[in-house]
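Chemist: requesting a structural model of the entry that follows:
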Amino acid sequence: MILALVLGYCVLAPEWQAYRSEQKLLQANLLLQAALTGQLPDADPLDGVRRMLTLAQEARVVLPHDARAILIEGMGYLMLSRLDEAEQTFVMALRQGERPELLVNYGRVLAARGDHDGAHAAMLRAAFIAPGAINTLPKAMRTQIEAEVAAYEQAFVAGETNEIPPMPDAYRQPIDRKPPAERRR
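Modeler: Next up, the predicted model:
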């Protein structure tokens, strides 16, 4: 009987952790949606963003390569203006696998840092891969990027290029893995 319980625990414990992490991701995603629509119930909306970030970080411990956890974590850092951590999160995620939603948010980090050329390059690449990825951008920016994507596509079809829009220059830089406080020293 004890052996059956131990065996059952060994089999079910990892699944329970994954289930709990999925629940944390669900809660984090609901908080993200509330934050993006201005509907966080907290007196201080940043408390809700901090809670969202904590849930995403906890889920990522069990699900380290889950794109949802990475995206929510990066968005949390960005919303809290923790740009070093946001950039590091998005770059590491993009190096694991390029996804348009990661590119768009990486572009937002670069824009917040003042690297408008890098931000534009990231958004252009995202739109080339998945045109709907830039639907949340301001119309003027979106219109310009859509025109550039159309020009790239025409050149591609005409055989004038076989390249897709490049990654931003900042992406090619090594990531400083030290905590931000240590980088300032």
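Chemist: could you check how far the helix or strand where Tyr152 lies is from the centre of its chain?
Modeler: Tyr152 belongs to helix 139-157 when elements are defined using DSSP states H and E. For helix 139-157, the separation from the chain centroid amounts to 23 Å (computed by Cα atoms, centre = their mean, to the nearest Å).
Chemist: for that helix, buried residues please.
Modeler: For helix 139-157, burial by neighbour count (16 or more other Cβ atoms under 10 Å) applies to 142, 145, 148-149, 152. C-beta coordinates here come from the backbone N, C-alpha and C atoms, glycine included.
Chemist: can you pull out the residues in contact with it?
Modeler: 120, 123-124, 127-128, 131, 134-135, 137, 161-162, 164-165 (Cβ atoms under 8 Å, 6 or more residues apart in numbering).
Chemist: again, only this time at 6 Å
Modeler: Here helix 139-157 makes contact (Cβ atoms under 6 Å, 6 or more residues apart in numbering) with 123-124, 127-128, 134, 161.
Chemist: adding distance to Thr54, write the buried residues of helix 139-157 out as TSV.
Modeler: Shown next, in TSV, are the buried residues of helix 139-157 (distance: Cβ to Cβ, whole Å):
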residue	distance to Thr54
Arg142	33
Ile145	34
Glu148	38
Val149	37
Tyr152	40
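Chemist: what's the most distant pair in the residues you listed?
Modeler: Pairwise distances across these (Cβ to Cβ) peak at 15.4 Å, for the pair Arg142 and Tyr152.
Chemist: isn't Gly118 right up against Ala112?
Modeler: No - judged on Cβ atoms under 6 Å, Gly118 makes no contact with Ala112 at a distance of 11.0 Å.
Chemist: higher neighbour count, these two?
Modeler: Each of Gly118 and Ala112 has its neighbours counted (other Cβ atoms under 10 Å); Gly118 has more, 20 against 14.
Chemist: appreciated, that's everything.
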